[in-house]
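Trainee: could you work out the structure for the sequence below:
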Amino acid sequence: MKHFLDINKTSVDDLRSMIDSAKAIKNARNGRPKGAQDDDLPLKDHMVALIFEKPSTRTRVSFDVGVRQMGGQTMVLSGSEMQLGHGETVADTAKVLSRYVDLIMIRTFEEATLLEMAENATVPVINGLTNRTHPCQIMADILTFEEKVGPIAGKKVVWSGDGNNVFASFAHAAGQFGFDLTFTGPQTLDPEQVFIDEARAKGVKVEIERDPVKAVQGADLVVTDTWVSMHDAPSARERRHNQLRPFQVNEELMSHANDDALFMHCLPAHRNEEATNAVMDGPNSVIFDEAENRLHAQKAIMKWCLQN
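Mentor: Residues are numbered from 1 along each chain as shown. This next block holds a predicted model:
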(Lines give C-alpha, C1' and ligand atoms only; values in the text may rest on other atoms or scores of the structure.)
Protein backbone atom coordinates (compact mmCIF):
# COMPACT_ATOMS: atom_id res chain seq x y z
CA MET A 1 0.00 0.00 0.00
CA LYS A 2 1.49 3.35 -1.05
CA HIS A 3 0.46 5.87 1.59
CA PHE A 4 1.92 9.39 1.49
CA LEU A 5 2.06 10.23 5.19
CA ASP A 6 5.28 12.18 5.62
CA ILE A 7 8.32 13.09 3.56
CA ASN A 8 10.67 11.19 5.87
CA LYS A 9 8.56 8.05 5.44
CA THR A 10 8.91 8.11 1.64
CA SER A 11 12.08 6.99 -0.13
CA VAL A 12 14.39 9.54 -1.72
CA ASP A 13 13.93 7.91 -5.12
CA ASP A 14 10.14 8.06 -4.85
CA LEU A 15 10.21 11.70 -3.71
CA ARG A 16 12.40 12.62 -6.67
CA SER A 17 10.13 10.75 -9.06
CA MET A 18 7.14 12.70 -7.71
CA ILE A 19 8.88 16.05 -8.21
CA ASP A 20 9.90 15.08 -11.75
CA SER A 21 6.36 13.85 -12.44
CA ALA A 22 4.90 17.12 -11.10
CA LYS A 23 7.15 19.10 -13.45
CA ALA A 24 6.01 17.00 -16.41
CA ILE A 25 2.35 17.28 -15.41
CA LYS A 26 2.63 21.07 -15.13
CA ASN A 27 4.47 21.43 -18.44
CA ALA A 28 1.92 19.25 -20.21
CA ARG A 29 -0.88 21.60 -19.20
CA ASN A 30 0.86 24.90 -19.97
CA GLY A 31 -1.19 26.95 -22.42
CA ARG A 32 -4.07 24.49 -22.46
CA PRO A 33 -7.63 25.80 -22.14
CA LYS A 34 -9.52 25.42 -18.89
CA GLY A 35 -11.33 22.11 -18.77
CA ALA A 36 -8.98 20.39 -21.20
CA GLN A 37 -8.25 16.85 -20.09
CA ASP A 38 -4.85 15.25 -19.92
CA ASP A 39 -4.24 12.44 -22.40
CA ASP A 40 -3.05 10.40 -19.42
CA LEU A 41 -5.90 10.01 -16.94
CA PRO A 42 -4.52 7.92 -14.08
CA LEU A 43 -7.61 8.57 -11.91
CA LYS A 44 -10.14 7.63 -14.59
CA ASP A 45 -13.03 5.73 -12.97
CA HIS A 46 -11.53 6.42 -9.52
CA MET A 47 -13.33 8.01 -6.57
CA VAL A 48 -11.32 10.05 -4.07
CA ALA A 49 -12.55 10.95 -0.58
CA LEU A 50 -11.33 14.35 0.64
CA ILE A 51 -11.81 14.60 4.42
CA PHE A 52 -11.53 18.00 6.10
CA GLU A 53 -11.61 18.30 9.86
CA LYS A 54 -9.88 21.69 9.45
CA PRO A 55 -10.86 24.65 7.24
CA SER A 56 -9.09 24.80 3.90
CA THR A 57 -8.77 26.83 0.71
CA ARG A 58 -5.67 25.67 -1.17
CA THR A 59 -5.77 22.04 -0.04
CA ARG A 60 -9.46 21.62 -0.84
CA VAL A 61 -9.42 23.34 -4.23
CA SER A 62 -6.09 21.92 -5.42
CA PHE A 63 -6.98 18.32 -4.57
CA ASP A 64 -10.49 18.64 -6.00
CA VAL A 65 -9.26 20.19 -9.25
CA GLY A 66 -6.34 17.77 -9.48
CA VAL A 67 -8.56 14.71 -9.20
CA ARG A 68 -10.92 16.04 -11.87
CA GLN A 69 -8.08 16.95 -14.23
CA MET A 70 -6.81 13.37 -13.97
CA GLY A 71 -10.21 11.93 -14.80
CA GLY A 72 -11.46 11.04 -11.31
CA GLN A 73 -14.30 12.17 -9.09
CA THR A 74 -14.24 13.55 -5.56
CA MET A 75 -16.38 13.21 -2.47
CA VAL A 76 -15.66 16.13 -0.10
CA LEU A 77 -16.46 15.31 3.52
CA SER A 78 -16.22 17.39 6.68
CA GLY A 79 -15.79 16.05 10.19
CA SER A 80 -19.18 17.48 11.17
CA GLU A 81 -20.88 15.52 8.36
CA MET A 82 -19.33 12.16 9.21
CA GLN A 83 -19.76 9.73 12.06
CA LEU A 84 -16.00 10.22 12.48
CA GLY A 85 -16.93 13.45 14.25
CA HIS A 86 -19.66 11.85 16.33
CA GLY A 87 -18.10 8.87 18.05
CA GLU A 88 -17.25 6.31 15.33
CA THR A 89 -13.68 5.14 15.56
CA VAL A 90 -11.14 6.21 12.97
CA ALA A 91 -10.43 2.53 12.27
CA ASP A 92 -14.05 1.76 11.46
CA THR A 93 -14.31 4.86 9.26
CA ALA A 94 -11.19 3.83 7.35
CA LYS A 95 -12.46 0.29 6.77
CA VAL A 96 -15.85 1.49 5.53
CA LEU A 97 -14.48 4.23 3.26
CA SER A 98 -12.07 1.73 1.72
CA ARG A 99 -15.09 -0.22 0.43
CA TYR A 100 -16.39 2.88 -1.38
CA VAL A 101 -13.40 4.89 -2.63
CA ASP A 102 -9.98 4.33 -4.21
CA LEU A 103 -7.97 6.97 -2.35
CA ILE A 104 -8.34 9.00 0.86
CA MET A 105 -6.89 12.43 1.60
CA ILE A 106 -7.35 13.64 5.17
CA ARG A 107 -6.68 17.07 6.68
CA THR A 108 -6.96 16.66 10.42
CA PHE A 109 -5.74 17.80 13.81
CA GLU A 110 -3.97 14.93 15.53
CA GLU A 111 -1.27 12.91 13.81
CA ALA A 112 -2.71 9.83 15.53
CA THR A 113 -5.89 10.19 13.45
CA LEU A 114 -3.89 10.11 10.22
CA LEU A 115 -1.84 7.11 11.33
CA GLU A 116 -4.88 5.14 12.46
CA MET A 117 -6.62 5.92 9.18
CA ALA A 118 -3.63 4.62 7.20
CA GLU A 119 -3.21 1.54 9.38
CA ASN A 120 -6.80 0.45 8.80
CA ALA A 121 -7.49 1.63 5.24
CA THR A 122 -7.09 -0.78 2.36
CA VAL A 123 -6.64 2.11 -0.09
CA PRO A 124 -3.85 4.73 -0.12
CA VAL A 125 -4.05 7.58 2.40
CA ILE A 126 -2.52 11.04 1.86
CA ASN A 127 -1.62 13.46 4.65
CA GLY A 128 -3.28 16.76 3.70
CA LEU A 129 -2.06 18.33 6.98
CA THR A 130 -1.90 17.52 10.67
CA ASN A 131 -0.89 19.65 13.64
CA ARG A 132 2.53 18.01 13.35
CA THR A 133 3.41 18.01 9.63
CA HIS A 134 2.37 19.31 6.20
CA PRO A 135 4.21 17.26 3.55
CA CYS A 136 2.14 18.19 0.48
CA GLN A 137 3.00 21.85 1.00
CA ILE A 138 6.71 21.16 1.11
CA MET A 139 6.59 19.03 -2.03
CA ALA A 140 5.05 22.05 -3.76
CA ASP A 141 7.78 24.27 -2.28
CA ILE A 142 10.54 21.98 -3.57
CA LEU A 143 8.91 22.00 -7.00
CA THR A 144 8.71 25.81 -6.95
CA PHE A 145 12.33 26.28 -5.88
CA GLU A 146 13.66 23.89 -8.49
CA GLU A 147 11.71 25.41 -11.37
CA LYS A 148 13.02 28.88 -10.41
CA VAL A 149 16.58 28.10 -9.33
CA GLY A 150 17.52 24.50 -10.06
CA PRO A 151 18.30 21.54 -7.78
CA ILE A 152 17.75 22.32 -4.11
CA ALA A 153 20.47 19.93 -2.93
CA GLY A 154 23.26 21.86 -1.20
CA LYS A 155 21.26 25.11 -0.94
CA LYS A 156 20.54 27.04 2.27
CA VAL A 157 16.93 27.40 3.42
CA VAL A 158 16.09 29.70 6.34
CA TRP A 159 12.85 29.47 8.31
CA SER A 160 11.90 32.56 10.31
CA GLY A 161 9.14 32.33 12.92
CA ASP A 162 7.36 29.49 14.68
CA GLY A 163 8.76 25.94 14.56
CA ASN A 164 5.40 24.58 13.45
CA ASN A 165 4.11 21.72 11.30
CA VAL A 166 5.31 23.30 8.05
CA PHE A 167 8.83 23.69 9.45
CA ALA A 168 8.71 20.04 10.54
CA SER A 169 8.11 18.93 6.96
CA PHE A 170 10.91 21.23 5.77
CA ALA A 171 13.23 19.43 8.22
CA HIS A 172 12.07 16.08 6.81
CA ALA A 173 12.73 17.39 3.30
CA ALA A 174 16.20 18.68 4.21
CA GLY A 175 17.27 15.16 5.10
CA GLN A 176 15.70 13.60 2.02
CA PHE A 177 16.62 16.21 -0.61
CA GLY A 178 20.00 17.21 0.89
CA PHE A 179 19.71 20.93 1.63
CA ASP A 180 20.83 22.86 4.71
CA LEU A 181 18.22 24.37 7.01
CA THR A 182 18.40 27.18 9.56
CA PHE A 183 15.65 27.96 12.06
CA THR A 184 15.43 31.45 13.52
CA GLY A 185 12.76 32.17 16.09
CA PRO A 186 12.20 32.45 19.84
CA GLN A 187 13.32 29.55 22.01
CA THR A 188 9.78 29.14 23.32
CA LEU A 189 8.63 28.22 19.78
CA ASP A 190 11.50 25.94 18.79
CA PRO A 191 10.66 22.93 16.62
CA GLU A 192 10.69 19.44 18.09
CA GLN A 193 14.27 18.28 18.53
CA VAL A 194 13.48 14.95 16.85
CA PHE A 195 12.98 16.71 13.51
CA ILE A 196 16.37 18.41 13.75
CA ASP A 197 18.20 15.29 14.93
CA GLU A 198 16.79 13.14 12.15
CA ALA A 199 17.85 15.58 9.43
CA ARG A 200 21.33 15.93 10.92
CA ALA A 201 21.67 12.16 11.02
CA LYS A 202 21.27 12.18 7.24
CA GLY A 203 24.27 14.46 6.83
CA VAL A 204 22.74 17.89 6.33
CA LYS A 205 23.41 20.99 8.38
CA VAL A 206 20.48 22.06 10.53
CA GLU A 207 21.10 25.06 12.78
CA ILE A 208 19.22 27.25 15.23
CA GLU A 209 20.26 30.92 15.11
CA ARG A 210 18.45 33.40 17.35
CA ASP A 211 19.67 36.44 15.40
CA PRO A 212 17.55 36.59 12.23
CA VAL A 213 20.08 38.79 10.42
CA LYS A 214 22.84 36.24 10.97
CA ALA A 215 20.45 33.42 10.10
CA VAL A 216 19.60 34.70 6.61
CA GLN A 217 23.17 35.42 5.54
CA GLY A 218 23.89 33.25 2.50
CA ALA A 219 20.27 32.11 2.26
CA ASP A 220 18.94 30.86 -1.07
CA LEU A 221 15.39 30.68 0.26
CA VAL A 222 13.67 32.48 3.15
CA VAL A 223 10.39 31.02 4.42
CA THR A 224 7.85 32.05 7.01
CA ASP A 225 4.30 31.21 8.05
CA THR A 226 1.45 32.72 9.99
CA TRP A 227 2.28 33.41 13.62
CA VAL A 228 -0.92 31.85 14.96
CA SER A 229 -1.87 28.44 13.58
CA MET A 230 -5.41 27.09 13.26
CA HIS A 231 -4.93 24.79 16.25
CA ASP A 232 -3.58 27.52 18.55
CA ALA A 233 -5.87 28.98 21.21
CA PRO A 234 -7.08 32.57 20.58
CA SER A 235 -5.46 33.59 23.85
CA ALA A 236 -2.07 32.78 22.35
CA ARG A 237 -2.32 35.50 19.69
CA GLU A 238 -0.92 38.50 21.59
CA ARG A 239 1.75 36.43 23.33
CA ARG A 240 2.93 34.94 20.04
CA HIS A 241 2.98 38.31 18.30
CA ASN A 242 5.19 39.75 21.03
CA GLN A 243 7.60 36.84 20.70
CA LEU A 244 7.69 36.73 16.90
CA ARG A 245 7.74 40.41 15.98
CA PRO A 246 11.60 40.50 15.85
CA PHE A 247 11.46 37.68 13.26
CA GLN A 248 9.22 39.45 10.74
CA VAL A 249 10.45 39.00 7.16
CA ASN A 250 10.80 42.53 5.83
CA GLU A 251 12.97 44.26 3.23
CA GLU A 252 15.72 44.92 5.77
CA LEU A 253 15.95 41.24 6.68
CA MET A 254 15.84 40.07 3.05
CA SER A 255 18.69 42.47 2.21
CA HIS A 256 21.02 40.25 4.25
CA ALA A 257 20.16 37.11 2.27
CA ASN A 258 21.58 36.36 -1.18
CA ASP A 259 20.45 38.92 -3.76
CA ASP A 260 18.48 36.29 -5.65
CA ALA A 261 17.08 34.53 -2.57
CA LEU A 262 13.48 33.48 -3.00
CA PHE A 263 10.75 34.24 -0.47
CA MET A 264 8.01 31.70 0.30
CA HIS A 265 4.91 31.63 2.48
CA CYS A 266 2.44 28.75 2.31
CA LEU A 267 -0.57 31.08 2.79
CA PRO A 268 -2.96 32.22 4.10
CA ALA A 269 -0.93 35.19 5.27
CA HIS A 270 -1.58 37.96 7.73
CA ARG A 271 0.04 40.70 5.71
CA ASN A 272 2.42 43.06 7.50
CA GLU A 273 2.62 40.67 10.43
CA GLU A 274 4.89 37.69 9.67
CA ALA A 275 5.95 39.32 6.38
CA THR A 276 5.51 42.79 4.93
CA ASN A 277 3.62 43.61 1.75
CA ALA A 278 6.89 44.82 0.22
CA VAL A 279 8.39 41.34 0.57
CA MET A 280 5.25 39.37 -0.28
CA ASP A 281 4.67 41.36 -3.46
CA GLY A 282 8.36 41.92 -4.20
CA PRO A 283 10.48 40.53 -7.04
CA ASN A 284 11.87 37.65 -4.96
CA SER A 285 8.46 36.42 -3.83
CA VAL A 286 7.10 33.23 -5.37
CA ILE A 287 4.10 32.78 -3.07
CA PHE A 288 1.53 32.43 -5.85
CA ASP A 289 3.69 30.06 -7.91
CA GLU A 290 4.01 28.09 -4.68
CA ALA A 291 0.22 28.05 -4.25
CA GLU A 292 -0.33 26.92 -7.86
CA ASN A 293 2.22 24.17 -7.47
CA ARG A 294 0.14 22.54 -4.75
CA LEU A 295 -2.05 21.37 -7.64
CA HIS A 296 0.77 19.86 -9.69
CA ALA A 297 2.67 18.32 -6.76
CA GLN A 298 -0.46 16.70 -5.37
CA LYS A 299 -1.43 15.29 -8.75
CA ALA A 300 1.98 13.62 -8.85
CA ILE A 301 1.51 12.31 -5.30
CA MET A 302 -1.91 10.84 -6.12
CA LYS A 303 -0.57 9.29 -9.31
CA TRP A 304 2.29 7.71 -7.35
CA CYS A 305 -0.08 6.37 -4.69
CA LEU A 306 -2.19 4.59 -7.30
CA GLN A 307 0.64 3.11 -9.37
CA ASN A 308 0.63 -0.71 -9.36
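
Trainee: would you map the strands across the stretch 1-150 of the chain?
Mentor: 47-52, 73-78, 103-107, 125-129 (DSSP state E, counting those that start in this stretch).

Trainee: let's have those strands in JSON lines, adding distance to His172, mean pLDDT and mean neighbour count.
Mentor: (Each C-beta comes from the backbone N, C-alpha and C, glycine too.) Compiled in JSON lines, the strands of the stretch 1-150 of the chain are given as follows (distance: least, Cβ to Cβ, whole Å; pLDDT from 0 to 100; neighbours: other Cβ atoms under 10 Å):
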{"stretch": "strand 47-52", "distance to His172": "22", "mean pLDDT": "97", "mean neighbour count": "22"}
{"stretch": "strand 73-78", "distance to His172": "27", "mean pLDDT": "95", "mean neighbour count": "17"}
{"stretch": "strand 103-107", "distance to His172": "18", "mean pLDDT": "97", "mean neighbour count": "26"}
{"stretch": "strand 125-129", "distance to His172": "11", "mean pLDDT": "98", "mean neighbour count": "27"}
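
Trainee: TSV please, covering these and showing distance to Pro212.
Mentor: Formatted as TSV, these follow (distance: least, Cβ to Cβ, whole Å):
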stretch	distance to Pro212
strand 47-52	34
strand 73-78	38
strand 103-107	30
strand 125-129	26
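
Trainee: quick one: closest of those strands to Gln248.
Mentor: Nearest to Gln248 among the strands of the stretch 1-150 of the chain is strand 125-129 (24.1 Å), distances taken as Cβ to Cβ.

Trainee: of all the strands of the stretch 1-150 of the chain, which lies closest to His265?
Mentor: Closest approach to His265 among the strands of the stretch 1-150 of the chain (Cβ to Cβ): strand 125-129, 15.5 Å.

Trainee: for Ser235, find the nearest of the strands of the stretch 1-150 of the chain.
Mentor: With Cβ to Cβ as the yardstick, what comes closest out of these is strand 125-129 (22.8 Å).

Trainee: what does the closest one rub up against?
Mentor: Contacts to strand 125-129, defined as Cβ atoms under 8 Å, 6 or more residues apart in numbering, come from residues 3-6, 50-52, 54, 56, 59, 63, 94, 103-108, 114, 117-118, 133-137, 165, 298, 301-302, 305.

Trainee: so which of those are in helices?
Mentor: 59, 63, 94, 114, 117-118, 135-137, 165, 298, 301-302, 305 (DSSP state H).

Trainee: contact partners for Lys9?
Mentor: His3.

Trainee: Trp304 is in contact with Asp14, correct?
Mentor: Yes: under the criterion of Cβ atoms under 8 Å, Asp14 makes contact with Trp304 at 6.6 Å.

Trainee: gap between the nearest residue to Lys155 once chain neighbours are set aside and Gly282?
Mentor: The shortest distance from Lys155 to any non-neighbouring residue, by Cβ to Cβ, 6 or more residues apart in numbering, is to Asp220 (4.2 Å). Asp220 sits 16 Å away from Gly282, going by Cβ to Cβ, to the nearest Å.

Trainee: who has more neighbours, the two?
Mentor: A direct count of neighbours by other Cβ atoms under 10 Å for Asp220 and Gly282 places Asp220 higher, at 19 against 13.

Trainee: do I have it right that that one meets Gly154?
Mentor: No: counting by Cβ under 8 Å, Asp220 does not reach Gly154; the two are 9.2 Å apart.

Trainee: fine by me, we can end here.
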